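>>> Sequence first, predicted coordinates after that:
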Amino acid sequence: MTEQQYLDNFITHKQLVLKYTTILGKHFLAEGNAIGIRLIANGYIHDIEKFLPLSIKYFSKPGEDCRLVSNRHYEKTQHHPEYWEGIQNMPELFLAEMVCDWMARSMEYKDDIFKWMEGPALKRYNFTKDDEVYNSIIKFINIINENTKDIP
């Protein structure tokens, strides 16, 4: 992919994440949950380091360097389970941002978020449908879905 294609894809991703963090953040605020405003703010700065020239260079070219940069991103960014050494350890704020990130990727790739959740995500992040974190993720997905029906 060219650097321009990477930027186009990344900008689309950021717009979707912001849309979803705003929806979920407003929902939290309506419930009296103060993390709502922080979630909305996180939507604005989500993955901001991916605009850096070095990130553009590596993320636009698949290969070993891209994998290394991706792994570093996962370990250093709070909305990734790797940062917390497991999805079970994630605070609600960053779990919510992660769900918004997953929803954006699902929309971009036209994948079913629930199929991904119930297969690859359970294995990759080592949790089950009986875990509280699973229920929180499903709740967040449903809130976003319920509030995007009339939004293009």
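Perfect, I can see it now. Numbering: from 1, shown residues only.
>>> only C-alpha atoms for contact and neighbour calcs from this point on.
Fine.
>>> quick one: contacts for the nearest residue in space to residue 3 that is not next to it in sequence?
Once flanking residues are discounted, residue 3 sits nearest to residue 60: 5.5 Å by CA to CA, 6 or more residues apart in numbering. Residue 60 is in contact with 1-3, 5-6, 66, counting by CA atoms under 8 Å, 6 or more residues apart in numbering.
>>> what about residue 130, which SS state?
Following DSSP: H, G, I helix; E, B strand; the rest coil, the label given to residue 130 is coil.
>>> So what's the residue count around it?
Counted with other CA atoms under 10 Å, the neighbours of residue 130 add up to 8.
>>> shaky segments in this structure?
58, 63-66, 71, 150-152 (pLDDT under 70).
>>> Determine the longest helix present in it.
As assigned by DSSP state H, the longest helix anywhere in the chain is helix 3-30.
>>> returning to what we had before: would JSON lines of the contacts of residue 60 with distance to residue 18 be doable?
Formatted as JSON lines, the contacts of residue 60 follow (distance: CA to CA, whole Å):
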{"residue": "1", "distance to residue 18": "24"}
{"residue": "2", "distance to residue 18": "24"}
{"residue": "3", "distance to residue 18": "22"}
{"residue": "5", "distance to residue 18": "20"}
{"residue": "6", "distance to residue 18": "18"}
{"residue": "66", "distance to residue 18": "24"}
